[in-house]
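[1] Could you look at this predicted model? Sequence included:
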Amino acid sequence: MIYFFYNLFLFLIYPLFYGLSRFSSKGRNAFSQRKSDLKQLLSLDTKGRETVWLHAASVGELDQARALAQAIKKKNPNKFILQSVFSNSVTSKQLNDPHFDGTFLLPFDLPFAYDSILNKFFPKTLIVLAWDTWPNLLKQTKRSGAKTYLACASLSSDSGRKKGIVHSLTKASFYYLDGIFPSHEILVPEFKSLVSSSVEVSPLGDTRFDSVLNKIESSSPPESFVNFSKTFRSEIQNNPPVLFGSTYPVCESYLISFLEKNTSSKENYWIFPHKWENSRMEEVSEKLKRFGTVSKFSEIKDGSASYPNFLLVDEMGILAFAYRYAKLAYVGGGFHHRIHNTIEPAAFSLPLLTGPKITNAPEAIVMQKLGGLKRCGTKEEFHNNLNLLLSSSDLRSDLGTKNRKFVLENRGASEKICSRVFSNDFP
């Protein structure tokens with residue numbers, strides 16, 4: 001019955017959504033790109049290979065899918081892997097991966113939206129990463145004969161999916177899952193309450209650990225950052241920076257208020273805004289000038305200027321590689337909506353600092369319990385914890401070591417999921 005009302009709601013809201021989209025370039029693109037992607041997708045030839053369909057909501061979940069796809073291809077190169085994403089913010093460059101045979105934006109979740117894909121590719125397996133479980137996607141794919149799984153599954157105790165009518169819809173859609181693989185054992189109870197005892201719920205880990213470690217070990221930073229780190233090698237080594245990653249305005253305001261209370265601080269700071277906004281960063285720059293020299297990365301990467309006390313990084317693709325030079329890391333999002341990637345800095349043995357909103361990231365919850373991540377509920381707690389970490393190199397080393405150990409211990413989720421899902425396929 002809940003599916004009936006869900007689809008009735010979609011049929012009522014879809015024409016309105018489509019009409020309003022005509023007045024927005026982003027809205028028009030949401031429809032046109034899906035239409036274009038579907039046309040291109042249906043032109044692909046599997047050449048008789050068995051199709052595995054992976055779905056990710058956005059960039060973060062795409063990293064999980066990428067690691068899983070690599071493991072699948074390693075075991076069986078003949079698998080044909082379809083990779084869908086829902087968010088229009090995912091770029092074609094981010095979707096470019098040798099392990100994906102076809103990529104596309106997921107159609108809007110109307111009950112007939114997936115017919116052409118299912119009738120063309122007859123996928124044997126659908127694996128949704130993390131949480132993006134669209135009801136009709138699960139139902140229609142399961143009814144087509146595929147096995148359906150939710151891997152690297154994440155669900156907080158206060159999630160909206162466990163409240164009201166959405167709770168009923170979640171339970172109804174999870175009925176069409178063959179297995180749920182939470183990213184950590186602490187999440188198992190959250191999922192067991194939503195499914196019958198016949199549905200397997202096994203904590204097999206988070207493939208992002210594999211993705212992050214593979215990236216660190218096999219990828220190279222942008223040449224501009226390589227040159228920068230060589231040019232200012234002695235300055236960086238003599239006083240490793242405090243790195244603020246994925247910052248929002250509230251993060252920068254808390255840092256400035258900390259500096260106002262600690263005017264004698266001799267630390268250097270690297271600041272990576274979540275989104276570069278010229279007016280905002282100019283304002284931040286002016287405020288930081290009271291405490292030391294300030295430069296944008298683009299202005300000094302060629303070595304034409306001196307090394308600043310505050311580096312505002314205005315180029316993409318650097319953050320994951322910059323952590324190796326830091327003494328500690330603040331991870332943004334915790335004071336805003338939800339915390340960003342904590343696995344990357346943890347992999348470099350850094351102690352972590354963030355805001356209160358970490359329930360979206362089970363790895364952050366575990367690192368907090370282990371002591372390697374300091375969760376701050378207020379500005380005062382942020383000030384106190386930053387002071388604490390800056391005052392003791394031994395404490396930083398101890399907490400950073402715990403984080404690094406946690407990351408290494410969680411490597412191998414991709415292999416575990418492959419072995420469980422494709423137990424009859426792989427030797």
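    Happy to help now that I have it.
[2] Now do the domain split for this structure, please.
    2-207+412-421, 215-409 (automatic domain parsing).
[3] okay, those in CSV with mean pLDDT next?
    As requested, the domains of the chain are arranged in CSV below (pLDDT from 0 to 100):
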stretch, mean pLDDT
domain 2-207+412-421, 90
domain 215-409, 94
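[4] Including mean neighbour count, could those domains go into JSON lines?
    The way it works is simple: take the backbone N, C-alpha and C, and place the C-beta from them, glycine included. Supplementary listing: these in JSON lines, determined by neighbours: other Cβ atoms under 10 Å:
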{"stretch": "domain 2-207+412-421", "mean neighbour count": "18"}
{"stretch": "domain 215-409", "mean neighbour count": "18"}
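[5] could you pull out the helices for the stretch 101-250 of the chain?
    In the stretch 101-250 of the chain, helices defined by DSSP state H, counting those that start in this stretch lie at 115-121, 135-143, 164-174, 188-192, 208-218, 223-231, 233-238, 249-261, listed in chain order.
[6] and those as TSV, adding distance to residue 81?
    What follows is the helices of the stretch 101-250 of the chain, written out as TSV (distance: least, Cβ to Cβ, whole Å):
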stretch	distance to residue 81
helix 115-121	11
helix 135-143	15
helix 164-174	23
helix 188-192	25
helix 208-218	15
helix 223-231	31
helix 233-238	40
helix 249-261	37
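[7] Of the ones you listed, which is nearest residue 326?
    For the helices of the stretch 101-250 of the chain, the distance to residue 326 is smallest for helix 233-238, at 9.3 Å, taking Cβ to Cβ.
[8] Excluding its own residues, what touches the closest one? List them.
    Around helix 233-238, the neighbours that count as contacts under Cβ atoms under 8 Å, 6 or more residues apart in numbering are 229, 268, 307, 325.
[9] My read is that residue 345 contacts residue 323, right?
    Yes. Between residue 345 and residue 323 there is a contact at 4.6 Å, judged by Cβ atoms under 8 Å.
[10] any shared contact partners between these two?
    Between them, residue 345 and residue 323 have 243, 245, 329 as joint contacts when contacts are counted by Cβ under 8 Å, 6+ apart.
[11] and those, which of them are in strands?
    Judged by DSSP state E, strands contain the following of the shared contacts of residue 345 and residue 323: 243, 245, 329.
[12] Tell me the bridge partners for the first one.
    Judged by DSSP bridges, the bridge partners of residue 243 are residue 270, residue 329.
[13] I'd assumed residue 345 was in contact with it.
    Yes. The pair residue 243 and residue 345 passes the contact test of Cβ under 8 Å, sitting 7.4 Å apart.
[14] Give the residues shared as contacts by these two.
    323, 326, 329.
[15] Skipping adjacent residues, who's closest to the second one in space?
    Here the nearest residue to residue 326 in space, its sequence neighbours aside, is residue 243; by Cβ to Cβ, 6 or more residues apart in numbering that works out to 3.9 Å.
[16] Okay, the one you found and residue 327: tell me how far apart.
    For residue 243, the distance to residue 327 (Cβ to Cβ, to the nearest Å) stands at 8 Å.
[17] dump the residue contacts of the residue nearest to the spatial centre of the chain.
    If you average the C-alpha coordinates of the chain and look for the closest C-alpha using Cα atoms, centre = their mean, you land on residue 60, 2.3 Å from that point. Taking Cβ under 8 Å, 6+ apart as the criterion, residue 60 is in contact with 130, 208, 341.
[18] Kindly recompute the last result at 10 Å.
    Under the criterion of Cβ atoms under 10 Å, 6 or more residues apart in numbering, the neighbours of residue 60 are 87, 129-130, 208, 211, 340-341, 360-361.
[19] for residue 311, same thing?
    For residue 311, the residues meeting the contact criterion (Cβ under 10 Å, 6+ apart) are 228, 232, 241, 243, 268-272, 293-297, 299-300, 322.
[20] Return the subset of those residues lying in strands.
    Among those, the members falling in strands (DSSP E) are 243, 269-272, 294-296.
[21] Going by distance to residue 313, which of these wins?
    When the ones in strands among the contacts of residue 311 are compared for distance to residue 313 (Cβ to Cβ), residue 272 comes out closest, at 4.8 Å.
[22] Relative to residue 109, how far out is the closest one?
    Following Cβ to Cβ, the distance that separates residue 272 from residue 109 is 34 Å.
[23] State the distance from the residue located most distally from the centre of the chain to residue 157.
    Largest separation from the mean C-alpha position in the chain: residue 264, at 36.5 Å (Cα atoms, centre = their mean). Plainly put, residue 264 is 42 Å away from residue 157 if you go by Cβ to Cβ.
[24] same thing with residue 183?
    Counting by Cβ to Cβ, the gap from residue 183 to residue 157 is 15 Å.
[25] And for residue 318?
    Spatial separation of residue 318 from residue 157 under the definition Cβ to Cβ is 35 Å.
[26] Next up, the contacts around residue 241.
    So residue 241 contacts 235, 267-271, 309-311, 322, 325-329 (Cβ under 10 Å, 6+ apart).
[27] Over to residue 262?
    So, once contact is read as Cβ under 10 Å, 6+ apart, residue 262 ends up touching 291, 383, 386-387, 390.
[28] If we use 8 Å, what do you get?
    Taking Cβ under 8 Å, 6+ apart as the criterion, residue 262 is in contact with residue 387.
[29] Against residue 350, how distant is it?
    Plainly put, residue 262 is 20 Å away from residue 350 if you go by Cβ to Cβ.
[30] same thing with residue 400?
    Here residue 400 is placed at a distance of 5 Å from residue 350 (Cβ to Cβ).
[31] Using the three-state scheme, assign residue 424.
    Taken by DSSP: H, G, I helix; E, B strand; the rest coil, the conformation at residue 424 corresponds to coil.
[32] What's the local residue count around it?
    Neighbouring residues of residue 424 were enumerated by other Cβ atoms under 10 Å; the total is 5.
[33] roughly how far apart are it and residue 416?
    Using Cβ to Cβ, one obtains 16 Å as the distance from residue 424 to residue 416.
[34] Kindly report the same for residue 340.
    For residue 340, the distance to residue 416 equals 25 Å [Cβ to Cβ].
[35] Now residue 115: closest residue in space, sequence neighbours ignored.
    Closest residue to residue 115 in three dimensions, ignoring its sequence neighbours and counting by Cβ to Cβ, 6+ apart: residue 140, at 7.5 Å.
[36] give me every residue that touches the one you found.
    If a contact means Cβ under 8 Å, 6+ apart, then residue 140 has 111, 114-115, 118 as its contacts.
[37] cool, and residue 30?
    Residues counted as contacts of residue 30 (Cβ under 8 Å, 6+ apart) are 21, 88.
[38] Also the one 3 residues further on?
    Counting by Cβ under 8 Å, 6+ apart, residue 33 touches 88, 105.
[39] Thanks a lot, see you next time.
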